[in-house]
Every structure is written in C-alpha cells, then in structure tokens.
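A.B. asks: After the sequence you'll find the predicted model.
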Amino acid sequence: MAKRDQHRPVILLADDPQVGPVMRGLFAKAGLANLLIVYQDVVTLLDKLAQIADDSSGAQVPCLLLVDLKTTELSSADVIEWTRQHPALSSMKIVALATSNAVKDRERALAAGADSYLVKYPTPAELSTLVRDCS
C-alpha cells in the first residue's frame with residue numbers, strides 16, 4: 001500500500017463535466033483515487049504545467065497527462081505539442097482519450113506527441129498499468 005503513495009499525480013484534461021466524475025470512479029476502482037487531478041479549463045492547466053516546468057527540482061512533474069480529444073478551448077493536439085516543448089515535463093507520459101478508435105484521431109494525437117491513445121473509458125486495470133509504467 002505504501003507504494004501507491006509514492007506515485008506521482010495524474011492530470012486529466014476534459015472540459016466535458018461528465019468525464020471527470022467517470023474517470024474519478026475508474027481511478028477509485030483501480031485503488032488510485034488520490035492521484036487524479038481533473039482540469040476542465042485548458043488555460044488553467046497550461047498555467048499549472050508552466051509552473052511545474054519552471055520548478056528546477058522536477059518533484060512535482062505528474063507521471064501522466066490524460067487529454068480528452070474532445071477538448072474545445074484549444075485543440076488537444078495544441079495542448080500535447082505545448083507540453084512536449086517543455087523539457088522539464090519530458091518524464092510525463094501523455095495519453096490521448098477519444099470516444100472512438102478512428103485512425104484519423106489516433107494519428108493526430110500521436111503526431112502531436114502523445115505516447116499512446118485510449119478509447120474512453122479505460123478499464124481500472126488499464127489505468128493501473130499506465131500509472132505503474134510511469135512511476
């Protein structure tokens with residue numbers, strides 16, 4: 001149980017207010033409820049990531065950024081590309097979440113710099129694996 005406490009946080013960007021509660025439930029089923037931080041606002045998220053990137057200790061870098069491809073304020077590809085431009089955030093894995101397994105969406109997310117792509121909603125086991133692999 002102590003090992004879970006050592007995991008770095010996971011950030012979810014989803015401006016749809018229904019996505020956050022569903023993902024919180026899935027993280028809870030995976031035993032990882034305390035790790036998930038949900039942002040609905042792109043600008044607030046980017047401000048937070050900029051603060052983390054400017055912190056030379058690197059201690060606050062989340063292990064994982066989940067980006068909902070349906071984000072409307074800025075494109076999810078823009079968010080992924082912005083994040084990849086900051087070397088201090090390079091240890092953070094980025095996973096795009098989509099409602100379908102469309103090749104076009106997958107290719108767009110991966111071209112922007114996402115490490116992988118999942119169809120909503122991932123299982124608790126998939127979430128456990130993602131967190132384990134990035135911690």
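C.D. replies: Structure's in. What do you need? Residues are numbered from 1 along each chain as shown.

A.B. asks: what packs against whichever helix in the chain runs longest?
C.D. replies: Longest helix in the chain by number of residues (criterion: DSSP state H): helix 42-54. The contact analysis (3 or more C-beta pairs under 8 Å, 6 or more residues apart in numbering; DSSP states H and E) places helix 42-54 against strand 10-13, helix 76-84. Where C-beta positions appear, they are placed from N, C-alpha and C, glycine not excepted.

A.B. asks: I'd like the next helix or strand past it.
C.D. replies: The helix or strand immediately downstream of helix 42-54 is strand 64-68, counting by DSSP states H and E.

A.B. asks: hmm, who's touching that following strand?
C.D. replies: 8, 10-16, 19, 23, 76, 79-80, 83, 92-98, 109, 114, 120, 130-131, 134 (C-beta atoms under 8 Å, 6 or more residues apart in numbering).

A.B. asks: re earlier: is it possible to get a markdown table of the helices and strands packed on helix 42-54 that adds mean pLDDT, mean neighbour count and distance to Val61?
C.D. replies: Below are those laid out as a markdown table (pLDDT from 0 to 100; neighbours: other C-beta atoms under 10 Å; distance: least, C-beta to C-beta, whole Å):
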| stretch | mean pLDDT | mean neighbour count | distance to Val61 |
| --- | --- | --- | --- |
| strand 10-13 | 96 | 24 | 10 |
| helix 76-84 | 91 | 20 | 11 |
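
A.B. asks: quick one, which of those is nearest to Lys70?
C.D. replies: Closest to Lys70 of the helices and strands packed on helix 42-54, according to C-beta to C-beta: helix 76-84, at 7.8 Å.

A.B. asks: Touching the closest one from outside, list them.
C.D. replies: The contact list for helix 76-84 (C-beta under 8 Å, 6+ apart) reads 13, 42, 45-46, 49, 65, 67-71, 89-90, 92, 94, 96, 108-109, 111-114.

A.B. asks: What subset of the residues you listed is buried?
C.D. replies: Buried by 16 or more other C-beta atoms under 10 Å: 13, 42, 45-46, 49, 65, 67-69, 71, 89, 92, 94, 96, 108-109, 112-114, out of these.
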